[in-house]
Structures are given as C-alpha cells and as structure tokens.
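[1] Got a sequence here, can you model it:
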Amino acid sequence: MDWHQINYFETLAKVQHMTKAAKQLSISQPALSRSIAKLEDELGVQLFDRKGRNIYLNRYGKIFLKRVEQSIRQIELGKQEIWDETHPHHGNVPIAFIPSLGVSMVPDIISAFRKEFPHIQFQLTQAGNQEIFELLKMREVDLAFTALHHTDLDIVWEQILTEELFLAVSTEHPLAVHDTVDLAMAKDEPFISFKDKNLLQIIIQDACEKAGFTPNVVFKGEDIGASAGLIGAKLGVSLIPDLHIIDKTKVKLLRVTNPTCERKLGLAWLKEGYISPAIEQFITFTKAYFNKEQKNQ
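    Below is the predicted model of the structure:
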C-alpha cells in the first residue's frame, strides 16, 4: 500500500465515478482501476460496489475512508508542524547553554533576536559543557552556546566571543588593594573551583599551572553565583568572568596580567545534523550581534 493508492482511493470515494476521478487525478482510467483493484486485493475486500458504469462506496469502503481521511489530516498536520518548525520566521530553535551564560548573555541575545523575529520560539536547556555535546549528538538540541573544550569530530564549533576571566577576591582581601595582579600572587590562597563538568575547573587548573603552582582547591561549586558568594565570605579566591550576579560590594575582580586568563565561547552544532532555516537565521544573527558588540567595545 502506497501513498498514491491512498490518494486515488480517497478521490474515487468522493467522486464515485471512475472517469471523473481519473481526470481529476490526471491519470488514465485503466491505471486508476488497476490501483484500486490492487488496494482491494491487499485489504482482502471490495471497497466499491459496481453497477454497470457506476460505482458506489460500500460499507467496507466507508470504514476505510474514515481512517484514510484521519490519516491524511494527520499527515497534513505533520507537514504544517514541520513548516512551522523550519520556517525562518516561524520556526523553533532548541538551544542548550552552559549555566554561566544563562545569567545575561543568552537572554540578551534571544531578546534582541526576537525583536526582529517575534514568531520564532526557543526551547532552552541548561547543562554542563560535556553534557551539551552529548545532547547535540543525541539530537535533543540543535544548537548550543558552549565553551571550547572538545575534540569530537562530529561537532562543529564556531567562536563568537573571548571572555576575560578575573581573579575574584573578597573586597577585604589583602590583594583587593590591587587592580591588576600576576596570578602567581595567589599561589598560597585557597581556591574556589568548580565541579569537573564545568570547563572553568579545567581553565583554573591550567592557568595556575602556567603561573607555577597547583591550586589548593577547598571547594568545587556548581555555578558562579554560589562561588562568588563564598569568595565574598572570604572563604577563597577564584577565576571567574564578570557577571551581573556578582555582588561588587563583597567581591573585587582583579585583572590578571600573567598568564592570559580567558575562555572562548561559541556556537556548536552537529556536523551532519539538519540545520533548519530558523536556526540558520539565529546563527547568522548571533555572529553579527557579537561582531557589533566587539566593535563597540
């Protein structure tokens, strides 16, 4: 049973005239007759009663027509849903992002995008960097804001921003008298780090090793907000980006002159995955948005 047979049957069931139905379908009458006969053979029953040149939908045909019409409606709905999902001005964009980018960056870019494309919807997921790559590969999201740290050839990653990381200390910490520091000046400090799924943990470890020491990690947190709270309470120092959630009355951010402390942020998607017009629109917009931001700095 194929789509042509279903389509031919529905048309003939409504017209109930072989010649008229064939003309409406733009096929020959013998071709239509053969298709209907094949369908009836497959179902094991006649769908039409024939009286001379006239045909009539019988009770089996009426049962089948009801299901055919339901199926066609579902297919049309599916086509419409796909159109809605993929249309560049009406689609859906399933995005994942690392937690620290949910504070302002992701909301800001989505807000700016929706001013131009108000009918595009977003499905948002927050996850760790490595988990995001798994979500992409499982096709649970189509696009992601991530920090660069992967060697997976199935993932495409394009940088959109380099984010500076600062040495965060309590405003009452002895180092708070400085505006800039060499990271080696913090070698004897307890460090507030992050759990292994957070790329900042790797960046902190690498930066400290470049500065000539191994950090004394006293706590591994889930997010930057909680870590900033501990820093403000004089429980340790850390390397973090400048985010709105940081209470600057309790935490001071010191620029690190050596080594370079930064993380690269970008968009990631599955190399062989389908990228809808709506997602392409968002990728293009995001690149332009950050290019403009960097020029204005």
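[2] Pull the number of nearby residues for Glu280.
    Neighbour count of Glu280, defined by other Cβ atoms under 10 Å: 14. Every C-beta, even on glycine, is put in place using the N, C-alpha and C of the backbone.
[3] could you point out where the stretch 101-250 of the chain is predicted with low confidence?
    Scanning the stretch 101-250 of the chain for pLDDT under 70 picks out the ranges 149-150.
[4] if we go to 80?
    148-152, 196-198 (pLDDT under 80).
[5] For it, just list every one of the strands.
    With strands called from DSSP state E, counting those that start in this stretch, the stretch 101-250 of the chain shows them at 121-126, 143-147, 155-170, 180-182, 190-194, 216-221, 238-241.
[6] SS state for the spatially most central residue of the chain?
    The centroid of the chain falls nearest to Ile95 when counting by Cα atoms, centre = their mean (2.4 Å). Using DSSP: H, G, I helix; E, B strand; the rest coil, the structure places Ile95 in strand.
[7] can I assume Leu230 is in contact with Lys220?
    No. Taking Cβ atoms under 8 Å as the definition, Leu230 is not a contact partner of Lys220, at 10.8 Å.
[8] okay, those two: which has more neighbours?
    Leu230 (20 against 14).
[9] Contact partners for the closest residue to Ile55 other than its chain neighbours?
    Nearest-residue entry for Ile55: Phe48, 4.5 Å, with adjacent residues in sequence omitted and distances by Cβ to Cβ, 6 or more residues apart in numbering. Phe48 sits next to 12, 16, 36, 55-58, 61 when contact means Cβ atoms under 8 Å, 6 or more residues apart in numbering.
[10] Out of these, the closest to Glu116 would be?
    Using Cβ to Cβ, Leu12 comes nearest to Glu116 of these, at 48.3 Å.
[11] did I read that right, the closest one in a helix?
    Yes. Checked against three-state DSSP, Leu12 lies within a helix.
[12] Next up, the contacts around it.
    18, 21, 32, 36, 48, 55.
[13] Tell me where the longest helix sits in the protein.
    The single longest helix within the chain, with elements called by DSSP state H, is helix 59-86.
[14] Does Asn270 touch Arg139 like I think?
    One thing to correct before we go on: residue 270 is Leu, not Asn. Yes. Using Cβ under 8 Å, Leu270 makes contact with Arg139 at a distance of 7.0 Å.
[15] Please enumerate the helices of the stretch 151-297 of the chain.
    Per DSSP state H, counting those that start in this stretch, the stretch 151-297 of the chain carries helices over the ranges 199-210, 224-232, 277-296.
[16] Report the buried residues of the longest one.
    Of the residues in helix 277-296, those buried by neighbour count under the rule 16 or more other Cβ atoms under 10 Å are 278-279, 281-283, 286, 289-290.
[17] how close does the residue lying closest to Tyr60 once chain neighbours are set aside sit to Ile63?
    Excluding the flanking residues, the one nearest Tyr60 by Cβ to Cβ, 6+ apart is Val45, at 4.6 Å. From Val45 across to Ile63, the span is 9 Å (Cβ to Cβ, to the nearest Å).
[18] and Phe97, what is it in contact with?
    Going by Cβ under 8 Å, 6+ apart, Phe97 touches 106, 124-127, 132, 144-146.
[19] Can you go through those residues and name the buried ones?
    Buried, going by 16+ other Cβ under 10 Å: 106, 126-127, 132, 144-146, out of the contacts of Phe97.
[20] that older thread, what is the nearest of the buried residues of helix 277-296 to Asn258?
    Closest to Asn258, out of all of the buried residues of helix 277-296 and judged by Cβ to Cβ, is Phe290, at 26.7 Å.
[21] Same question for stretch 38-53: list its buried residues.
    39-40, 47-48.
[22] quick revisit: now go through the contacts of Leu12 and say which are in helices.
    Those of the contacts of Leu12 lying in helices (DSSP H): 18, 21, 32, 36.
[23] follow-up on the earlier one: turn the contacts of Phe97 into a markdown table, columns for distance to Glu76.
    Formatted as a markdown table, these follow (distance: Cβ to Cβ, whole Å):
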| residue | distance to Glu76 |
| --- | --- |
| Val106 | 35 |
| Leu124 | 29 |
| Thr125 | 30 |
| Gln126 | 35 |
| Ala127 | 35 |
| Ile132 | 35 |
| Ala144 | 33 |
| Phe145 | 35 |
| Thr146 | 38 |
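[24] And the furthest pair within those residues?
    Comparing all pairs in the contacts of Phe97 by Cβ to Cβ, the longest separation belongs to Leu124 and Thr146, at 14.0 Å.
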